[in-house]
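Q: Sequence first, predicted coordinates after that:
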Amino acid sequence: MKNKTYRSPVRKEGFAGLGDYAAIGEGRSVALIAPDGSIDWWCAPNLDSPPLFDRILDPGIGGFFQLEPEGDYRVERSYREESNVLETLFTTATGSVRLTESLNSSLAGRLPWSELARRVEGIEGEVTLNLRLKLGTVAESRSPWMADTQQGAVFHIGDLMTMLRTSDDVDITHICDEAVEARFVTSSGSHSLVALLASEKEPLAVPELAAIDDRIETSHTAWRDWVNHLSYRGLFSQHVKRSALSLKFLWYSPTGALAAAATTSLPEGIGGEKNYDYRYAWVRDACLIIKAFVYLGALEDCKAAFSWLTHTIIRHGVKLRACYTLEGDLVPAESYLPLRGYADSQPVRVGNNARDQVQLSMYGDMLATAQLFIEAGHVLDIATSRMLGELANCCADSWRQKDSGIWELPDEQHYTHSKMACWLALDRAVAMAEGEHIEPTWVNRWARERDRIRDWIEEHCWSESRQAYLFYVGSEEKLDASLALVHHYGNTVNPQRMLATYEAIRQELGHNSAMLYRYSGVEQEESTFVACSFWLAEAFAAMGETERAEAALQEILEGLCDRGNVEIFNEMFDVRTDSWRGNLPQGLSHLALVCAAQALTEAKEK
């Protein structure tokens, strides 16, 4: 993979660019690393824990863990091939040094503690590096304190316990309750190690430095083994593999849940209010990631995620919530932290109020995912089969309601995407019932309601003057890019209308380019939505427009990957400033790439 090169300094008013972060993870948490060697975000021990490092949201009071050369330097970064182990080359006037970083795991899976390892190797000459560790205070609601133990200094931040481990050549120049500073010099062939260990409400293991160092290579082997067992052999394979590795960051191994992203409150528009907490599992996002895992051949991840989803729904009832915590509990209501916010974008949120919304499209997500699971050669258990039948009945009963739609808007409307997704839900329910995968008692009712939904959509959602399906009924010719997700409806019901809609979406929401805004008028407050751009390419491929699909995919990848750091995608990309926006790594962005590449591969093989 092509290295991304930066020249220092790389911050503006204390903030690194949102597109400049790389990620490391181990199936439980994700750390974000800026080009200047600063870990600015890490929720330990879990993805949704309070952050130990939160400089990304407030450079003044936020915690961070930085290894940076003295003086001016040049930075080149890339992941190891087919791995999530990150390598950074710092080059100064006096020499060069390689930093290798990993959130370590074992070949048997994640460790029972958090182990963030940073190996420093001298390449040429001499380089002086400064270490700065500032412990986070969870928006000044915790006060770190240090305890001396026989194993060394241990820091307590609320229920979290952490220890800094360093090789002997690292000279600690300052240590106090909330910070550590150190300095060391590399030379050609030198080998140093800095590591941070963490645990919560349990004893802290203190492994030997050599074991921590070895586990960087163990982790690399585990990543490569996972990639090598993927079955994807289609187009754009290198991009697909990198997106697969990014999706793996969001797979929460203790339960199998899939987080929407690893961060909270990173703005969709600088200075705006669209700054949300995405460290939870959305039914929609989880279903779409499972779809990507099916295409990748990641059976273990697919099965674990689908099982978590079905168990969580059965536990809470078939009146679906939009999102759940990674442990399968109800997401907390939004609260607000007294932090500056990224680039002064407020508010900084914890929790998500989408949990209380009506989102009818989730029925389509769940039933389409179940059908895909079956088509991939797997078998449903009785409890899941019955739950899917109940979901189909709920969909048949409730499709006439207004809802908040896929974009979770406060204005409830008859959104076209929601109605098409309900059609898809019942169409998939009929297919599974006819295939004897779910109970067929209500199959005739499902078929009749499916056809009623079709007729309703064709009567109320199509604009003859606009020659497109509208955003919602009465929306005055507004368009919605999420209709690209329901291409199956168009392919089955009215291909000409759907293709005309997609052409209108490209012209209006993309200004005739492949990068799309979510819906009409939203570009005033946010940037293009990466997933929508890939979704439209997938839709063109699925509807037989292979040349258009391939051209769109090429355009998107050329536009994003040259500016995409190490191909860690955020939620949005601002084409006006060539900068990334929103939370990261964003599951929707990466899964959409995988699904678009798969759709194009299938279309070209026909």
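A: Sure thing, it's come through.
Q: outside of stretch 292-307, which residues touch it?
A: Here stretch 292-307 makes contact (Cβ atoms under 8 Å, 6 or more residues apart in numbering) with 226, 229-232, 240, 243-244, 247-248, 251, 256-258, 286, 289-290, 369-370, 372-373, 376, 378, 590-591, 594-595, 598. C-betas here are computed from N, CA, C, even on glycine.
Q: what residues are up against residue 516?
A: The neighbours of residue 516, taking Cβ under 8 Å, 6+ apart as the test, are 481, 505-506, 509-510, 528-529, 532-533, 536.
Q: Could you do residue 487 as well?
A: Counting by Cβ under 8 Å, 6+ apart, residue 487 touches 498, 538-539, 542-543.
Q: let's see 10 Å
A: With contacts defined as Cβ atoms under 10 Å, 6 or more residues apart in numbering, residue 487 is in contact with 420, 495, 498-499, 501-502, 535-536, 538-543, 599.
Q: Could you identify the buried members of those?
A: Among those, those classed as buried by 16 or more other Cβ atoms under 10 Å are 420, 498-499, 501-502, 535-536, 538-543, 599.
Q: do you know how far the most far-flung residue of the chain relative to its centre is from residue 206?
A: Here the chain has its C-alpha centre computed as a mean, and the residue farthest from that point, by Cα atoms, centre = their mean, is residue 150 with 40.2 Å. If you measure residue 150 against residue 206 using Cβ to Cβ, to the nearest Å, the figure is 10 Å.
Q: ok, and the closest non-adjacent residue to residue 520?
A: Of all residues beyond its chain neighbours, the one nearest residue 520 is residue 478 (3.9 Å), with distances taken as Cβ to Cβ, 6 or more residues apart in numbering.
Q: what's the neighbour count on that neighbour?
A: When neighbours are counted by other Cβ atoms under 10 Å, residue 478 registers 18.
Q: Kindly report the same for residue 544.
A: Each residue near residue 544 was counted by other Cβ under 10 Å, and the total is 14.
Q: ok, so of the contacts of residue 487, who is nearest residue 19?
A: Of all these, residue 535 has the smallest distance to residue 19: 21.0 Å, by Cβ to Cβ.
Q: what's the pLDDT at that closest one?
A: pLDDT for residue 535: 98.
Q: try residue 270
A: Confidence per residue is given as pLDDT, and for residue 270 that number is 93.
Q: helix/strand/coil for it?
A: Reduced to three states with DSSP: H, G, I helix; E, B strand; the rest coil, the structure at residue 270 is coil.
Q: how about the nearest residue to it, chain neighbours excluded?
A: Once flanking residues are discounted, residue 270 sits nearest to residue 343: 5.0 Å by Cβ to Cβ, 6+ apart.
Q: Contact partners for that neighbour?
A: Residue 343 makes contact with 12-15, 17-18, 266-267, 270-271 under the criterion Cβ under 10 Å, 6+ apart.
Q: Where do the strands of the stretch 201-350 of the chain begin and end?
A: Chain-ordered strands for the stretch 201-350 of the chain, with DSSP state E, counting those that start in this stretch as the definition, fall at 251-252, 257-258, 281-282, 323-324, 335-337, 348-350.
Q: The third one pairs with which strands, and in what direction?
A: By that I understand strand 281-282. Pairing partners of strand 281-282, with direction, according to DSSP bridges: strand 323-324 (antiparallel).
Q: what does the partner strand rub up against?
A: Defining contact as Cβ under 10 Å, 6+ apart, one finds that strand 323-324 is touched by 257, 259-260, 277-286, 308-309, 312-313, 315-316, 330-331, 352, 354-355, 357, 359, 408.
Q: one more time with 8 Å
A: Taking contacts as Cβ under 8 Å, 6+ apart, the residues outside strand 323-324 that touch it are 257, 260, 280-283, 312, 316, 330-331, 352, 354-355.
Q: List just the nearest of the residues you listed to residue 77.
A: residue 260 (25.1 Å).
Q: show me the contacts for the closest residue to the closest one other than its chain neighbours.
A: The spatial neighbour of residue 260 that comes closest, neighbours along the chain excluded (Cβ to Cβ, 6+ apart), is residue 278 at 4.1 Å. Residue 278 is in contact with 259-264, 352, 571, 583, 586, counting by Cβ under 8 Å, 6+ apart.
Q: Please enumerate the helices of the stretch 151-300 of the chain.
A: Under the criterion DSSP state H, counting those that start in this stretch, the stretch 151-300 of the chain carries helices at the ranges 209-228, 237-249, 283-296, 299-316.
Q: closest one to residue 415 among the ones you listed?
A: Shortest distance between residue 415 and the helices of the stretch 151-300 of the chain, using Cβ to Cβ, is found for helix 283-296: 13.3 Å.
Q: quick one: that closest one to chain centroid distance?
A: Distance, stretch centre to chain centre, for helix 283-296: 12 Å (Cα atoms, centre = their mean, to the nearest Å).
Q: What's the mean pLDDT across that helix?
A: Mean per-residue pLDDT for helix 283-296: 97.
Q: Over to stretch 238-245?
A: For stretch 238-245, the per-residue pLDDT values average out at 98.
Q: Tell me where the model's unsure across the stretch 301-450 of the chain.
A: Counting by pLDDT under 70, the stretch 301-450 of the chain has no low-confidence residues at all.
Q: Tell me which stretches of it form helices.
A: Taking DSSP H, counting those that start in this stretch to define them, one finds helices in the stretch 301-450 of the chain at 361-375, 382-398, 416-434, 443-460.
Q: just curious, which of the contacts of residue 278 is nearest to residue 194?
A: residue 262 (22.3 Å).
Q: Report the contact partners of that closest one.
A: Contacts for residue 262 were tallied using Cβ under 8 Å, 6+ apart; they are 23, 25, 30, 32, 41, 43, 47, 249-250, 278-279, 583-585.
Q: Make TSV from these and add secondary structure and distance to residue 549 to it.
A: Conversion of the contacts of residue 262 to TSV gives the following (DSSP: H, G, I helix; E, B strand; the rest coil; distance: Cβ to Cβ, whole Å):
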residue	secondary structure	distance to residue 549
23	strand	29
25	strand	31
30	strand	31
32	strand	32
41	strand	35
43	strand	37
47	coil	33
249	helix	27
250	coil	26
278	coil	28
279	coil	33
583	coil	27
584	coil	26
585	coil	24
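Q: Now list the buried members of those residues.
A: Neighbour counting over these (16+ other Cβ under 10 Å) leaves 23, 25, 30, 32, 41, 43, 47, 249-250, 278-279, 583-585 as the buried ones.
Q: about what we covered before: name the stretch among the helices of the stretch 301-450 of the chain that sits most buried.
A: helix 416-434 (a mean of 26; mean count of other Cβ atoms under 10 Å).
Q: Show me how far that helix is from its chain's centre.
A: For helix 416-434, the gap between its own C-alpha mean and the chain's C-alpha mean amounts to 26 Å (Cα atoms, centre = their mean).
Q: How about stretch 288-306?
A: Stretch 288-306 has its C-alpha centroid displaced from the chain centroid by 15 Å (Cα atoms, centre = their mean).
Q: Show me which of the contacts of residue 487 is closest to residue 326.
A: Looking at the contacts of residue 487 and their distance to residue 326, the nearest is residue 535, at 25.4 Å (Cβ to Cβ).
Q: Ignoring the adjacent residues along the chain, who's closest to that closest one?
A: residue 484 (3.8 Å).
Q: The one you found: neighbouring residues, count only.
A: As a burial measure, the neighbour count of residue 484 was computed by other Cβ under 10 Å and equals 28.
Q: Quick check, pLDDT for it.
A: 98.
Q: again with residue 73
A: The predicted structure lists residue 73 with a pLDDT of 94.
Q: Cool, thanks, talk later.
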